[in-house]
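Enquirer: I would like the atomic coordinates for the input below:
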Amino acid sequence: MSFEVAIRAENLSKCYQIYDAPKDRLLQMLVRGKKRFYREFWALDDVSLTIARGETVGIIGRNGSGKSTLLQLICGTLMPTRGSVQGHGRIAALLELGSGFNPEFTGRENVYVNAAVLGLSRAEIDARFDDIIAFANIGDFIDQPTKIYSSGMLVRLAFAVSVCVEPEILIVDEALSVGDASFQFKCLNRLEELAARGTTLLFVSHDMSMVKRFCHRVIYLRAGRVVASGSPDEMAELHLLDMRDEQRRWASGGVTPVTRKSFMGGQEGMAFGTEEGHISAACFTNTQQLSSSYLYGDDIEIHVEALLHESITQPNISFTIQEARLLVIGGGNFALQPGPVENGWRRAAITVRFRAHLAEGRYHVTLKLLHGATEDTSQLVEKQVAPLAFDMLPNHQDFLGMVDLGLQRIDARPVESLAKASGTQGAKVVTEHPVERTWQVAIFGTFDVENYGDLLFPIIAEAELIQRLGSVNLHRFSYHGKSRPQWPYAVTSLTELPHVAASLDGVLIGGGFLIRFDKVVAHGYGPTTADIHHPTGYWLTPALIAQQHAVPVMWNAPGMHCNDIPDWARPLLTMALEQSQYVRVRDALSRDTLGALTPQAEIEVLPDTAFGLPRLIDEQRPSAAFIRLREQAGLTGPYIVIHAIHVVESFVKLFEDYAEAFQGYQFLVVPIGPVLGDDPSVIAGRLPGAITLSFWPEPLLMAEILSQAQAVIGHSYHLAITALAFGVPVFCSADLTTGKYTALAGFDTLHALPDVATVDPQWFLARVGKTGPSPAALAAADQLVEHWDRVAAIIRQGKTSSRPVLGAFLQHLPNLLETAAQGREPLPAECPASPVVPEPGIIEPAQNLAAQELAQQQRIVQLSQQLALSDARMLELQNSNSFRMTAPLRSIARGIRNLTANKNRQC
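Expert: Below you'll find the model as predicted:
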């Protein structure tokens with residue numbers, strides 16, 4: 001959705017003069033303003049708003065709040081008393097019933113007149129006339145005067161004209177309320193079509209379900225003023241609360257029992273109730289947080305705790321599951337069993353569970369604490385509107401709508417069988433869908449650091465694999481295995497890998513800057529135990545452990561710039577490359593360095609998988625999280641994202657020297673990698689009016705923020721890739737001629753940010769503006785589609801055939817351990833470039849597989865005896881300077897010893 005302005009109103013006001021008697025109007029004319037004989041009624045008072053092109057905005061409020069007046073001012077049928085309003089584009093409006101129609105003209109004549117007023121030529125009207133008549137569906141009445149039309153016929157014809165002239169802005173004021181159900185259904189479908197095409201929709205409705213269904217944003221009017229503006233669900237709840245407050249004031253003589261209460265969600269939201277109770281805590285049990293994500297068929301558990309006054313004798317709680325716009329799709333009501341009274345209060349807790357047979361998308365859970373036997377007859381104690389949110393990840397289940405009802409095909413028995421069994425009654429055959437397997441896939445990387453790019457890789461991999469394989473359980477392995485509240489998934493420590501390795505169907509290495517040997521990831525992020533070598537434990541150890549279990553290993557575009565391969569690691573790395581089914585790296589430097597180790601591995605360059613983000617994010621349908629963020633942050637116009645890091649000093653200086661050149665843009669300062677020291681306070685103070693966020697956005701929300709920007713300024717590699725993938729220009733402070741940035745050399749919308757002294761504001765502004773993905777970005781996305789197809793095909797093929805990986809590793813392990821302990825490198829003769837050397841007695845793969853397996857087992861038994869020496873030397877090795885270097889070898893050795901013990905028992 002673009003942020004080009006469609007409608008802008010500033011300090012808009014409309015005042016009417018109210019006369020108590022007709023004579024007062026005459027007296028007012030005679031005194032010529034010297035005395036006032038009227039009262040002022042401000043139907044609209046100081047209203048300012050901005051509506052972006054492509055937005056769907058609802059206007060709600062009680063009767064007399066100024067909704068229709070606002071629409072008429074926007075359309076130009078009323079003149080404002082104060083302020084101004086501008087509409088950019090062709091405006092079609094459905095205001096008062098029959099407005100714009102001459103009752104003496106026929107329907108046909110009114111169509112031509114109205115379409116001409118909207119700016120269409122006679123030829124354009126002729127071309128669209130048949131569509132208008134077909135949509136209105138009023139038959140022969142089209143040639144009758146409209147004064148004989150019913151209200152339904154009038155609105156049919158008016159709506160048909162408005163939508164068929166393809167307006168850029170469509171304004172509707174409760175016009176659909178007079179149509180029958182079938183016509184309303186047709187109109188709503190056409191509104192959805194117009195919204196998808198980018199038409200700006202602005203309409204008034206008292207139907208909150210329609211508001212939630214269509215609107216990106218809602219403006220709430222009360223007594224001619226804007227009292228709130230926000231997401232549809234929040235504004236609908238505010239409207240409902242005000243209506244209930246008024247009803248209670250009327251019923252109780254002015255007493256207002258319900259008040260606003262503290263919202264328990266992480267961002268601003270809605271909560272209200274009495275002082276008789278409080279929902280004190282809520283979470284999804286798998287994350288212990290207010291958010292989570294699930295696959296189709298998962299069990300979703302929610303735990304809630306409440307504090308109740310002792311006067312609440314029948315406490316209940318209701319759970320309402322809602323889709324992204326808070327339309328209810330299900331729920332339940334449960335009695336609470338509070339504990340003993342403590343100082344006038346009692347505590348209660350409940351855990352509920354349901355099976356996630358839901359379509360892909362974002363869902364919310366609203367909680368209501370009640371006093372009474374049922375929700376219909378109970379008194380509200382507290383309502384928390386959508387504090388819990390969960391995402392259903394993509395799935396291949398074949399069903400329609402939001403909920404899978406488990407619909408099954410039931411076929412009658414074939415006719416010929418029924419003829420033979422004439423004495424039977426209506427036998428049925430139930431055909432069930434075959435049970436789909438869940439693929440177990442592991443991915444390894446730095447997924448437990450606060451860095452946007454690192455957190456992206458598992459999200460992209462999971463979505464792409466689910467699209468191709470159906471049900472996928474993605475195990476995300478990382479060093480510490482720590483998960484934080486803003487994490488979109490759980491992370492498992494690498495120490496758990498040996499327990500699940502045998503059950504895996506595939507292993508993905510990376511991506512990211514992962515192929516490291518001695519580079520520290522971030523301050524304080526070191527090895528957790530002696531069992532894991534840092535940082536080869538991210539990728540080399542998992543690859544070898546997977547290969548010893550014959551699990552397919554695929555390199556998911558990792559990189560290795562600025563790293564030299566130590567001699568001790570060359571044999572292991574060579575073996576890992578040669579035994580991997582698929583090796584793709586993200587830059588030519590990595591390809592050339594790894595390719596020099598062995599000619600047997602097919603190593604090619606693959607675009608970073610973040611170029612596939614447009615397959616996960618729909619730019620035309622912003623997520624509820626992005627809409628809420630934009631509203632709360634005040635992002636009402638075009639904005640530029642600035643990486644919260646000191647190296648963008650050149651742009652800050654450019655702004656300070658030429659601030660007036662950037663008046664048409666807002667600045668959003670965001671940290672891309674807090675773990676790397678990003679901090680909005682570094683530069684935000686030097687950019688007056690710059691917007692900062694109170695939280696670090698989760699990866700897909702961050703990607704959506706970048707996708708809607710007009711420019712991105714920063715130093716982050718994945719900030720640049722995300723912007724390029726969506727056609728947003730990037731001004732980068734990094735050196736684009738070295739390291740990983742060389743992979744982006746072919747993108748003409750990636751600009752090196754010059755030194756302060758050479759920055760020309762005209763040069764900069766000429767390159768600002770989202771234009772759409774470049775051919776290079778589209779080619780990268782297409783290449784990634786082929787990549788994920790290949791990965792899915794390898795996983796489907798199953799485990800690899802038996803290879804002499806164990807024998808080769810055991811052959812060289814003692815030498816590696818001993819030479820490392822002595823502080824010298826292994827001799828090349830003892831550790832050839834390719835350790836998989838056929839030994840006498842080992843059967844070649846072309847021969848009988850059973851004989852090969854038997855020979856391999858015998859070789860393992862023979863070579864495993866060498867490990868006894870390593871056991872005796874272990875204490876010495878632990879005290880040596882080479883302990884850190886040999887940690888990955890020892891980690892693999894323990895796994896191999898366990899496997900060897902099993903092999904020995906079989907022999």
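
Enquirer: which helix or strand contains the residue nearest the centre of the chain?
Expert: Taking C-alpha atoms, centre = their mean, the centroid of the chain lies closest to Leu700, which sits 4.1 Å from it. Assigned by DSSP states H and E, Leu700 belongs to helix 699-707.

Enquirer: mind giving me the domain split of this structure?
Expert: The chain breaks down by automatic domain parsing into domains covering 5-235, 257-392, 438-606, 635-774, 801-907.

Enquirer: alpha carbons of the helix or strand following the helix holding Leu700, as PDB, please.
Expert: As assigned by DSSP H and E, the chain's next helix or strand after helix 699-707 is strand 711-714. The C-alpha coordinates for strand 711-714 follow below in PDB (Å, rounded to 0.1, in the frame of the first residue of the first chain):
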ATOM      1  CA  ALA A 711      14.300   4.800   1.000                       C
ATOM      2  CA  VAL A 712      16.500   2.900   3.400                       C
ATOM      3  CA  ILE A 713      19.700   4.200   4.900                       C
ATOM      4  CA  GLY A 714      22.100   2.000   6.800                       C
END
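
Enquirer: pull the residues that contact strand 711-714.
Expert: 640-643, 645, 648, 651, 672, 706, 719-720, 722-723, 728-733, 753, 767-769 (C-beta atoms under 8 Å, 6 or more residues apart in numbering). Just so you know, the C-beta spots here come from the backbone N, C-alpha and C atoms, and that holds for glycine as well.

Enquirer: pairing partners for that strand, with directions?
Expert: strand 639-643 (parallel), strand 730-732 (parallel) (DSSP bridges).

Enquirer: possible to save those as JSON lines with mean neighbour count?
Expert: Output for these, formatted as JSON lines (neighbours: other C-beta atoms under 10 Å):
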{"stretch": "strand 639-643", "mean neighbour count": "25"}
{"stretch": "strand 730-732", "mean neighbour count": "26"}
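
Enquirer: do me a favour and average the pLDDT over the helix or strand where Val583 lies.
Expert: Using DSSP H and E, Val583 falls within strand 582-585. Per-residue pLDDT values over strand 582-585 give a mean of 94.

Enquirer: just give the nearest non-adjacent residue to Pro773, would you?
Expert: Setting aside the residues directly before and after it, Pro773 is nearest to Gly727 in space (C-beta to C-beta, 6 or more residues apart in numbering), at 4.5 Å.

Enquirer: dump the domains of the chain to a markdown table, plus distance to Phe399.
Expert: Compiled in a markdown table, the domains of the chain are given as follows (distance: least, C-beta to C-beta, whole Å):
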| stretch | distance to Phe399 |
| --- | --- |
| domain 5-235 | 20 |
| domain 257-392 | 8 |
| domain 438-606 | 13 |
| domain 635-774 | 24 |
| domain 801-907 | 39 |
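
Enquirer: tell me which of those sits most buried.
Expert: When you average the neighbours per residue for each of the domains of the chain (mean count of other C-beta atoms under 10 Å), domain 438-606 leads with a mean of 21.

Enquirer: now do the helices in the stretch 101-250 of the chain.
Expert: Counting by DSSP state H, counting those that start in this stretch, the stretch 101-250 of the chain has helices at residues 107-117, 122-136, 151-164, 181-196, 208-214, 232-252.

Enquirer: mean pLDDT lowest for which of those helices?
Expert: helix 232-252 (a mean of 65).

Enquirer: let me know whether Met554 touches Gly510 as I believe.
Expert: No. Shown here, Met554 and Gly510 do not form a contact pair, counting by C-beta atoms under 8 Å, at 9.7 Å.

Enquirer: anything in contact with each of these two?
Expert: Shared contacts of Met554 and Gly510, defined by C-beta under 8 Å, 6+ apart, are absent.

Enquirer: name the residues that touch stretch 115-129?
Expert: Stretch 115-129 is contacted from outside by 90-92, 100, 111-112, 132, 161, 164-165, 167, using C-beta under 8 Å, 6+ apart.

Enquirer: what is the end-to-end distance of that stretch?
Expert: 10 Å (C-alpha to C-alpha, to the nearest Å).

Enquirer: hmm, who's touching stretch 769-776?
Expert: 2, 614, 708-711, 724-729, 746-749, 781.

Enquirer: so which of those are in helices?
Expert: Among those, the residues falling in helices (DSSP state H) are 724-725, 781.

Enquirer: from those, which is closest to Gly297?
Expert: Ala781 (29.8 Å; C-beta to C-beta).

Enquirer: so the closest one is in contact with Gly612, correct?
Expert: Yes. Judged on C-beta under 8 Å, Ala781 makes contact with Gly612 at a distance of 5.8 Å.
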